[in-house]
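*Asks:* structure for the following, please:
(chains A, B and C)
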Amino acid sequence: MADKRFFTVAGPFRLAQLAELAEAELGPRADPGALFNDVAPLDTATPADISFLDNRKYVSQFEGSRAGACIVAREVADRAPAGMMLLISAQPYRAYAKVAQAFYPVRIPVGGVAATAVVDPSAKIGPGCRIEPGAVIGARAEIGDHCVIGANAVIGDGVVIGDHCVIGPGATVSHAQLGKRVTIYPGARIGQDGFGFAMGPQGHLKVPQLGRVLIGSDVEIGANTTIDRGSGPDTVIGDGCMIDNLVQIGHNVQMGRGCVMVAQSGISGSTHLGDFVAVAGQAGITGHLKIGSGARVGAQAGVMKDVAMGETVGGSPAVPMTEWLRQSAMLNKMARK
Amino acid sequence: MADKRFFTVAGPFRLAQLAELAEAELGPRADPGALFNDVAPLDTATPADISFLDNRKYVSQFEGSRAGACIVAREVADRAPAGMMLLISAQPYRAYAKVAQAFYPVRIPVGGVAATAVVDPSAKIGPGCRIEPGAVIGARAEIGDHCVIGANAVIGDGVVIGDHCVIGPGATVSHAQLGKRVTIYPGARIGQDGFGFAMGPQGHLKVPQLGRVLIGSDVEIGANTTIDRGSGPDTVIGDGCMIDNLVQIGHNVQMGRGCVMVAQSGISGSTHLGDFVAVAGQAGITGHLKIGSGARVGAQAGVMKDVAMGETVGGSPAVPMTEWLRQSAMLNKMARK
Amino acid sequence: MADKRFFTVAGPFRLAQLAELAEAELGPRADPGALFNDVAPLDTATPADISFLDNRKYVSQFEGSRAGACIVAREVADRAPAGMMLLISAQPYRAYAKVAQAFYPVRIPVGGVAATAVVDPSAKIGPGCRIEPGAVIGARAEIGDHCVIGANAVIGDGVVIGDHCVIGPGATVSHAQLGKRVTIYPGARIGQDGFGFAMGPQGHLKVPQLGRVLIGSDVEIGANTTIDRGSGPDTVIGDGCMIDNLVQIGHNVQMGRGCVMVAQSGISGSTHLGDFVAVAGQAGITGHLKIGSGARVGAQAGVMKDVAMGETVGGSPAVPMTEWLRQSAMLNKMARK
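*Replies:* Residues are numbered from 1 along each chain as shown, chains lettered A, B, ... in the order given. Here you go, the predicted structure:
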C-alpha cells in the first residue's frame, strides 16, 4: 500500500468499475461487485488489492501473489493462483495505469501565491494557480489556469505557460512557450543559450542565441534535463513527448509528437526527429540529422547519420540493429577462440 | 596549504598522534614528537606538512617532495627523499583520510532557521539544525538533529531525514526517508516520479508512481544526480553507498550496502544490486536485472544481462572483462593489418 | 525575426558597417548603403534580413533563400540566388557571430539587490551588480562590477567572482574563484566536494576535499554541469574554455586555454588537458591522464591512456581516429558476410 505520509488513496472501487475504466474483460471467476481498496505490486499485494502483470519476468511472482485481483494478458491467465480474480487486457500496463489513476487521482493543489514568491507585477497568473515559496516569475510572463510553480522555480521574462502545467521545484524556464498539461520535473533547465560559438585559435566567439523553446501539450520533461533554446530557428518539442532525467537537447532540435527519450540520452543541435521516435538510455545523436518517424535508437547507440522511418539502430557508430547484434555475436565468438 | 578563505585548519599534531589516528607504523627515521601543521599534496608540501603517496603514478613526485612526512606503503618506502619521515600503511589513502579529517574536522554549523526559509508549521525540526536562507520544508516533514538544509533546497511534504544529514543548496527531496549522516550534494533530485507510462500510438499514459525513496545511513549522493521514487515498490539505496555526480537511478532500483556509482552512470528501473557493487563512469545497466554482490562494471559498459557475484564486466553490450579486453586487442590488431 | 517577447533588436545597420564588423568583403552586387533590420536563418529570412551559410548541408536553403544579404565563403558565392547581396568571409560563422552581436548586444541589466535576496553583511558587491530575487551570497564573498547573480543562485562563503560575470538562476558556486566575463548557466554546480573516499569492505572513508575551483576569464559553463573542487590541488579551468550542459569535471582536473567540452562528456579526477583540447559529446576520459594541446576526442569515445598533442582519438577504449574508423568499417564488412 502506498505510504500515507505521501499518498492519499481514493476508492474503494468495485471490480466492475475498474474493468470499465481499464477497458478490460472480467475473468471467469471474477465477482463484478467485489470491492478493492488499493493497487499494489504482485509481491506485496493483499486480498483487498488489485495488481497487474505486464513483464513476463514476473510470472512466478504472479503465481505466488496474494492479490485479490490482477490485470493480465489472456495468455498467462491460466497461471493465476486459486482465488485470484482476473481482469483480462491486451495491454495490461495501460489498463493498470487507468486503474491506478482512479485510486490516486492527481489532486488539484490549493491555489495562491506564497508570501516569499516574487511575481513581477506585469506577469499574468491564471485562476487556481499555486505559486510556491521562493518561486520567481518574471516580467510579462503568462501562466495559465490551475498551474503549479514549484518552490524556488524561476520563470523568465515573457515565458508563456498553458493551463494545468506543473513546474517542479528548482526548475528554470526562460525564452519558452509551453502548451497545456506540461510537467517539468525538478531542476530541469529550459531555454538557456545553446552551445553556439565560432571556434578559433584566437578564442571562441559567442553567437547570440535568438530562438525559443516551443513545447507542445501533454509533455513531460525529466529532472535535471537541459533543453537549449534555438539559435535563430526554435527548439521544438511536440505534443505528448516523454523526456526522462538528465537528457540533453541541443539548440534547434525539433521533435515530432510522442517521442520518448530515456535518461542520459542526448541530441545535438539542429537534428530533427519525426513522430514517436524512441531513444534509449545514454544514446546520442549528432547534429544536423533527420530521424524518421517511428525510428528506435538502442541504449548507448551513437547515431552519426540519418535514420529512416521505422528503422531500429544500435551500436556506436550506429548501424541497423540486426547488423549490430551480428557484429557483437561475431566479436564474442572470435575472441573466445 | 588549504586556502584560508574556505578552510580552517586544526592542529598542529605530533607525528605519533597522526600515526595512531592513521593506524600506521612510524618509519625508521620518524620522530614521534615532530609537529605538523597541515596536510598537502606531494608537489606543494613543505617540511611542516604531511602528505601521502597512494597511486604509483606519482612516485617521482614522492621522490622529489619537500614534505616533512609522508604516508606510504612499505614497498615504496625506500624511494623516500632524505630527511622525509614516513608513516607506513598498507592502505595509505585510507590512512591519509583519517589524518586529513583530523586537520579538517567537519565543523558543526551554527544552528537556526534563516529569516527567508519557509518551514511549514507542522514540520518537526530537531535541535541544532541549520536551515539556510530560502530553504523550504513541507508539511509534516521531520528533520533530525544537527542537520543542514542548504540555501534554496526544497524538502517535500512528509519527508523524513535522520540526524546529522546535510542537504546541499538547491537540492530537492520528496517522497523519501533518509537515515543518518546522509549527504545530498547541490542540485540532486530525490523522489520525483519515475519514468513510468504505458506507451502507445494513441499517446503515452502516465502510470502513478506510488513508491518512495528509502536511503540508508552514511550515504553520499552527488551533485545533480537524480533518483526517482518507486512506482509501487520503493527505490532503495543501502547503507554506505557512494554515488557521484550526474548519476541516474530509475524507479524501483535497489542497491545493497556500500555500492559505488561513478559520475554519469545510470541504472534503469527495477534492477537490483547486491552489496559493494562498483559501477564505473558513464556505464549503464538496463532494467529488471540482478547484479551480484562485489560485481564491477567497467567505464562506459552497457550491461544488458545479469552479472554474477564478484564478476567484472566491460564493453557494450557488456561481457566478462577479460573477454572484452581480448576483443579490443583483437580488433586493434586486425585493423592494423 | 527574434521574438520580441524575449529579444530586443538594435539597428538597422548599413551593409558596409556590417562588413566592417564581420571583417568580410562586399560581394560584387552588394550595395554598401543598403539597410538591414535583423539577422535571420536562411529559410525564414526576408529581404530586410542578413543571414549566413556555414554548414554546406544547407546550400539548397541558401539557393532558395529570400534573405537580402548573406555571409558566405567564396567557394559557394556563385550559388547565391539572384538579388541576394553577399558578404564574403573565410569564416562565415565567426563573421555572423559579430553581426548578430551588433543586432543583439548584451544588455547591461538594471542593477540593485532584490528584496528577497540574502547578502551576508561581510560580502562585497561591486557597482552595477544585479542580485536577483532569492539569490544568497555568503560571508566574505566578493562579487566584481556589473555582475548578475541570478534568481535563487547560491554563492558560498569566500567565493571570488570577477567583473561582468553572469551566474544563472539556480546555480550554486562554492570554494571557487572566477575571472572576468564568466557565464555560469542555470543549475551548474561548482565547487562541491570531489568524489574522494578510501574504498574498503569495512566501509568507504571520506577524504576531506581541501582544494578549490579556479576558473579563468571568458569561460562558459553549461546548464546542470558539475565541477568538483580539488582534493588538495585545485581544479583549474583555463581562460576561454567552453563547457556545455551536463558535463562532469572531477577533482584536480586542469584544463588549459580554450578547451571545448560538448554535452554529457566527462573527465575523471586529476587528468590534465593542454590548450584547445576538444572533447565531443558523451565522451569520457579516465583519471590521472595527460591530454596534449590541440587533441580531439570523438563523440562517445572512452579515453584510457594519454593522448599526444594534436592527436584525434575515437572509440571505447579510444584509439587513433583513423584506426577506429578502420575497425568500424571492418566490423561492418565482416558482419555483412
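*Asks:* so what's the residue count around A:His93?
*Replies:* Wrong residue type there; residue A:93 is Tyr, not His. Residues lying near A:Tyr93 (other C-beta atoms under 10 Å in any protein chain shown) number 20. C-beta here means a position set from N, CA and C on the backbone, and glycine is covered the same way.
*Asks:* whoops, A:Pro121 was the one
*Replies:* Neighbourhood size, A:Pro121 [other C-beta under 10 Å]: 5.
*Asks:* what distance do you get for A:Gly158 to A:Gly170?
*Replies:* Taking C-beta to C-beta, to the nearest Å as the measure, A:Gly158 falls 21 Å from A:Gly170.
*Asks:* that should have said A:Ala299, apologies.
*Replies:* 28 Å.
*Asks:* A:Thr271 now?
*Replies:* Computed as C-beta to C-beta, the A:Thr271 to A:Gly170 distance reads 28 Å.
*Asks:* ok, these two, which is more surrounded?
*Replies:* Using other C-beta under 10 Å as the criterion, A:Thr271 and A:Gly170 rank with A:Gly170 on top: 33 against 21.
*Asks:* residues contacting the residue nearest the centre of chain A?
*Replies:* The residue lying closest to the centre of chain A (C-alpha atoms, centre = their mean) is A:Met242, at 3.4 Å. Contacts of A:Met242 were listed using C-beta atoms under 8 Å, 6 or more residues apart in numbering or on different chains, and they are A:219-220, A:258-261, B:195, B:197, B:204.
*Asks:* which ones among these come in contact with chain C?
*Replies:* Residues of the contacts of A:Met242 in contact with chain C (C-beta under 8 Å from any C-beta of the partner chain): none.
*Asks:* restricted to strands, list those residues.
*Replies:* A:220, A:260-261, B:197 (DSSP state E).
*Asks:* let me have these in JSON lines, extended by pLDDT.
*Replies:* Listed next are those as JSON lines, based on pLDDT from 0 to 100:
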{"residue": "A:Glu220", "pLDDT": "98"}
{"residue": "A:Val260", "pLDDT": "98"}
{"residue": "A:Met261", "pLDDT": "98"}
{"residue": "B:Phe197", "pLDDT": "91"}
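*Asks:* scan these and report the most crowded one.
*Replies:* For the ones in strands among the contacts of A:Met242, the largest neighbour count, defined by other C-beta under 10 Å, is 30 neighbours, found at A:Met261.
*Asks:* list the contacts of the longest helix anywhere in chain A.
*Replies:* In chain A, assigned by DSSP state H, the helix with the most residues is helix A:321-336. With C-beta under 8 Å, 6+ apart as the contact definition, helix A:321-336 has outside contacts at A:296, A:298, A:301, A:312-315, A:318-319, B:317, B:319, B:323, B:326-327, B:330-331, C:331-332, C:334-336.
*Asks:* give me every residue that touches A:Pro201.
*Replies:* A:Pro201 makes contact with C:258, C:276, according to C-beta under 8 Å, 6+ apart.
*Asks:* so it, which state does it fall into?
*Replies:* Following DSSP: H, G, I helix; E, B strand; the rest coil, A:Pro201 is assigned to coil.
*Asks:* confidence score at it?
*Replies:* Looking at A:Pro201, its pLDDT is 77.
*Asks:* ok, A:Ala299 next?
*Replies:* A:Ala299 carries a pLDDT score of 98 in this model.
*Asks:* roughly how far does it sit from A:Ala16?
*Replies:* As judged by C-beta to C-beta, A:Ala299 and A:Ala16 stand 41 Å apart.
*Asks:* compare those two (neighbour count), which wins?
*Replies:* Legend: neighbour count by other C-beta under 10 Å for A:Ala299 and A:Ala16, higher for A:Ala299 (23 against 14).
*Asks:* stretch A:93-106 and chain B in contact?
*Replies:* Yes - counting by C-beta under 8 Å from any C-beta, chain B is contacted by stretch A:93-106 at A:93-94, A:96-98, A:100-101, A:103-104.
*Asks:* show me the domain layout of chain A.
*Replies:* Annotated domains of chain A cover A:13-103, A:171-337 [automatic domain parsing].
*Asks:* of all the ones you listed, which one is nearest A:Val118?
*Replies:* domain A:171-337 (14.0 Å; C-beta to C-beta).
*Asks:* measure the closest one end to end?
*Replies:* One end of domain A:171-337 to the other measures 53 Å (C-alpha to C-alpha, to the nearest Å).
*Asks:* so what's the gap between that domain and the chain middle?
*Replies:* Put simply, domain A:171-337 sits 14 Å off its chain's centre (C-alpha atoms, centre = their mean, to the nearest Å).
*Asks:* please apply the same query to stretch A:76-86.
*Replies:* Chain-centre distance of stretch A:76-86: 32 Å, with C-alpha atoms, centre = their mean.
*Asks:* what are the contacting residues of that stretch?
*Replies:* The set of residues external to stretch A:76-86 that reach it, using C-beta under 8 Å, 6+ apart, is A:15, A:26-31, A:34, A:53, A:56, A:59, A:62-65, A:67-72, A:88.
*Asks:* what's the helix or strand for A:Val99?
*Replies:* Assigned by DSSP states H and E, A:Val99 belongs to helix A:92-103.
*Asks:* quick revisit: closest to chain C out of the contacts of A:Met242?
*Replies:* A:Met261 (12.5 Å; C-beta to the nearest C-beta).
*Asks:* for A:Asp228, which non-adjacent residue is closest in space?
*Replies:* With C-beta to C-beta, 6 or more residues apart in numbering or on different chains as the criterion, A:Asp228 has its nearest non-adjacent residue at 3.9 Å, and that residue is A:Gly194.
*Asks:* for the one you found, list the residues it contacts.
*Replies:* With C-beta under 8 Å, 6+ apart, A:Gly194 has these contacts: A:209, A:228-231, A:235, A:250-252, A:269.
*Asks:* pLDDT below threshold where in the stretch 101-250 of chain A?
*Replies:* Within the stretch 101-250 of chain A, no stretch has pLDDT under 70.
*Asks:* try it again at 90.
*Replies:* For the stretch 101-250 of chain A, the stretches with pLDDT under 90 are A:106-111, A:198-203.
*Asks:* near chain B, which residues of it show up?
*Replies:* Residues of the stretch 101-250 of chain A lying near chain B by C-beta under 8 Å from any C-beta: A:101, A:103-104, A:114-116, A:132-134, A:150-152, A:168-170, A:185-187, A:218, A:220, A:222-224, A:240, A:242, A:244-246.
*Asks:* now those: which count as buried?
*Replies:* Taking 16 or more other C-beta atoms under 10 Å in any protein chain shown as the criterion, what is buried in these is A:101, A:103-104, A:114, A:116, A:132-134, A:150-152, A:168-170, A:185-187, A:218, A:220, A:222-224, A:240, A:242, A:244-246.
*Asks:* ok, and which of the contacts of stretch A:76-86 reach chain B?
*Replies:* Answer for these near chain B: none qualify (C-beta under 8 Å from any C-beta).
*Asks:* buried among the residues you listed? Make that a ChimeraX selection.
*Replies:* In ChimeraX syntax, the buried subset of the contacts of stretch A:76-86 is picked out as below (16+ other C-beta under 10 Å):
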select /A:15,26,27,30,34,53,62,65,67,68,69,70,71,72,88
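*Asks:* among the contacts of stretch A:76-86, which ones are in strands?
*Replies:* Those of these mapping onto strands are A:26, A:69-72, A:88, per DSSP E.
*Asks:* one step back: narrow the residues of the stretch 101-250 of chain A next to chain B to those in helices?
*Replies:* Secondary structure from DSSP H places A:101, A:103 of these in helices.
*Asks:* how many residues are close by A:Val279?
*Replies:* Using other C-beta under 10 Å, A:Val279 has 28 neighbouring residues.
*Asks:* tell me the contacts of it?
*Replies:* Neighbouring residues of A:Val279 by C-beta under 8 Å, 6+ apart: A:259-262, A:265, A:267, A:285, A:296-297.
*Asks:* and the furthest pair within those?
*Replies:* Within the contacts of A:Val279, A:Ile267 and A:Arg296 form the most distant pair, 14.4 Å apart (C-beta to C-beta).
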